[in-house]
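> Here is my input; please provide its structure:
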Amino acid sequence: MSVRSALEIGPGLVLAVGITFAAQGLVAVEKAVLGHELVDALVIAIILGTLLHTCFGLAPFLKAGVDFSAKFVLEIAIVLLGASVSLSTIADAGSLMIGVVACTVILSLIASYSLCRLLGLPDQLATLVACGTSICGNSAIVAAAPVIGAKSDDVAASIAFTAALGVVVVLLLPSLFPVFPVSEWQYGVFAGMTVYAVPQVLAATAPVGAASVQIGTLVKLMRVLMLGPVVLLLRLFKGGAAMQGERLSLARLVPWFIIGFFLTMGLRSLAIIPDTAVDVAKGSSAILTTVSMAALGLSVNMRTVFASGGRVLVAGILSLAALGALGVAGLMMFHAQ
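Modelled structure (predicted):
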């Protein structure tokens with residue numbers, strides 16, 4: 001990284017780190033006053049970041065650092081998280097997990113796209129909302145947009161709503177865990193199949209337990225792996241002139257951090273990574289994830305979201321409801337097993 005790049009990234013990164021410290025401080029206050037942790041630091045970081053952006057805006061000189069924190073810092077955290085997951089977790093999940101995740105993504109794409117079209121959204125915007133809801137939020141939208149030749153306004157609208165709704169899900173989902181008779185493992189599976197983006201899965205599962213985080217992350221990464229086939233299908237059926245003369249890179253289809261996650265998971269399973277290093281990796285992953293959560297919140301302006309149009313909001317909510325129903329159906333299959 002050049003000095004210039006570091007100077008550009010610095011202010012936004014420092015702000016995200018500052019919000020992380022503030023979130024950790026509020027958690028300490030919770031424990032001192034209530035005797036236990038009521039709201040996780042990840043969730044507090046999202047709320048603080050969102051409030052700051054919504055109330056005061058985000059200065060242009062902060063954007064590079066915020067984007068860096070929300071993307072690269074998170075990717076490092078995911079790679080480190082792989083050290084706490086063993087291959088036995090995948091073995092326990094079995095081939096049924098892969099099939100259920102794939103079917104959930106496909107059915108969610110169909111349901112979300114259909115709902116958006118019924119509400120009168122144009123084809124490209126409906127496609128972006130469906131991809132963002134069904135696969136991995138902003139990453140799926142950004143990957144699908146050039147393939148279908150989406151307009152910048154459509155990209156901005158779909159990203160705004162998926163980001164905002166994702167934050168709402170992260171805030172509400174953990175509170176539902178005590179209400180329903182499900183285990184940490186089952187909750188993690190449901191979160192992995194329904195929450196939009198990888199960082200949001202981490203934030204939604206961390207308050208519940210380590211088992212929930214591990215299986216939720218694994219299921220979510222399985223969903224992310226569906227991005228490659230979906231983008232290829234979009235290029236085949238919807239690409240047309242939009243991708244004329246362009247090539248899809250492997251990095252777009254299979255993000256590097258997924259490879260890194262499974263690599264560190266494999267090293268841990270082979271006992272190449274010692275227990276002391278695993279503890280350090282888990283702690284570092286938690287801190288970096290909180291920093292990325294703060295940056296995620298700083299990326300959301302609720303005033304812009306609500307000003308973008310009611311139909312997109314309704315489409316996003318209905319798409320999320322359909323995804324939740326599919327997640328429950330998938331979870332019932334594991335229960336039956």
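> What pLDDT is listed against the residue nearest to the spatial centre of the chain?
The structure's the chain has its C-alpha centroid closest to Ala197; by C-alpha atoms, centre = their mean the separation is 1.3 Å. The score at Ala197 is 74. That number is its pLDDT.
> For it, give me its contacts.
Cys136, Gly137, Asn138, Ser139, Thr162, Gly166 (C-beta atoms under 8 Å, 6 or more residues apart in numbering). In short, each C-beta sits where N, CA and C put it, glycine included.
> Grab the nearest non-local neighbour of it.
Leaving aside its chain neighbours, Ala197 sits nearest to Gly137 (3.6 Å; criterion: C-beta to C-beta, 6 or more residues apart in numbering).
> How much space separates the one you found from Lys71?
12 Å (C-beta to C-beta, to the nearest Å).
> neighbour count winner among those two?
Applying other C-beta atoms under 10 Å to Gly137 and Lys71 shows that Gly137 carries more neighbours, namely 25 against 17.
> Now for the more buried one: which residues touch it?
With contact taken as C-beta under 8 Å, 6+ apart, Gly137 is in contact with Thr162, Ala163, Gly166, Tyr196, Ala197, Gln200.
> The fourth one contacts Cys131, doesn't it?
No - contact between Tyr196 and Cys131 fails when scored by C-beta atoms under 8 Å: they sit 10.7 Å apart.
> Checking Ala150 next. Helix, strand or coil?
For Ala150, the secondary-structure state derived from DSSP: H, G, I helix; E, B strand; the rest coil is coil.
> My read is that it contacts Ala126, right?
No - using C-beta under 8 Å, Ala150 makes no contact with Ala126, being 10.5 Å away.
> counting contacts, what elements does the host helix or strand of Leu107 pack onto?
Assigned by DSSP states H and E, Leu107 falls within helix 87-118. Here helix 87-118 touches helix 123-131, helix 184-194, helix 210-225, helix 256-269, helix 310-336, going by 3 or more C-beta pairs under 8 Å, 6 or more residues apart in numbering; DSSP states H and E.
> Out of those helices, which is closest to Arg235?
helix 123-131 (12.1 Å; C-beta to C-beta).
> quick one: buried residues of that closest one?
Residues Gln124, Leu125, Ala126, Thr127, Leu128, Val129, Ala130, Cys131 are the ones in helix 123-131 that count as buried (16 or more other C-beta atoms under 10 Å).
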